[in-house]
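>>> what follows is a predicted protein model with its sequence.
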Amino acid sequence: MSGEVDLGRLLAGMRPELRPGTYVFATMSVGAVPAGLGVVMSFREAEGTTLILSEAEAARAGLPVAFPCRWITLAVQSSLSAVGFLAAVTARLAEAGIAVNAVSAFHHDHLFVPAARGEEAMGVLSALADRAAA
């Protein structure tokens, strides 16, 4: 399935979903990720492997962490070749002074925003979707 590429339809159709819990970023040496660790996302960089995982899972593993955040899924199937979707979304969050770390996966885009601002980010995203649908 290729997903949507039209920016207007992507913005109007996005249904932001705030996932329960708090998530964090951690880093480990390449190849050092323990088996059985409940990782949401991993990405290997030259300096080490970046992990996104629940705060509870990181604490269980004794990992030093950064950026306690809330996870928002944009529940519209965006194409990996869609142009401007994340730019529009992150620009609106930036206007509200909300930091965002975005991850594009095969089916959806995911946003990690500061834990204390998750509900506010949901309001910004819902308003953006409503304006695009009007």
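Cool, got the structure. All values derive from a computational prediction rather than experimental measurement.
>>> CA atoms for contacts and neighbours, from now on please.
Will do.
>>> how much space separates Thr22 from Cys69?
Distance, Thr22 to Cys69, using CA to CA, to the nearest Å: 6 Å.
>>> need the overlap of contacts for the two.
Ala115 (CA atoms under 8 Å, 6 or more residues apart in numbering).
>>> looking at the two, which one has more neighbours?
Ranked by neighbour count (other CA atoms under 10 Å), Thr22 and Cys69 place Cys69 first, with 25 against 19.
>>> quick one: residues contacting the more buried one.
Contacts of Cys69 by CA under 8 Å, 6+ apart are 22-24, 112-116, 118.
>>> among those, name the buried ones.
Buried members of the contacts of Cys69, counted by 16 or more other CA atoms under 10 Å: 22-24, 112-115, 118.
>>> in strands only, show me the residues you listed.
The strands, defined by DSSP state E, take in 23-24, 112-114 from those.
>>> picking up where we left off before, export the contacts of Cys69 to TSV and tack on pLDDT and distance to Pro16?
Output for those, formatted as TSV (pLDDT from 0 to 100; distance: CA to CA, whole Å):
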residue	pLDDT	distance to Pro16
Thr22	98	16
Tyr23	98	17
Val24	98	20
Phe112	98	12
Val113	98	13
Pro114	98	16
Ala115	98	16
Ala116	98	17
Gly118	98	11
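>>> which among those gets closest to Glu95?
Nearest to Glu95 out of those is Val113 (CA to CA; 13.8 Å).
>>> measure the closest residue to Val76 other than its chain neighbours to His110 for me?
Spatial nearest neighbour of Val76, chain neighbours left out: Met14 (4.8 Å); criterion: CA to CA, 6 or more residues apart in numbering. Distance of Met14 to His110, given as CA to CA: 11 Å.
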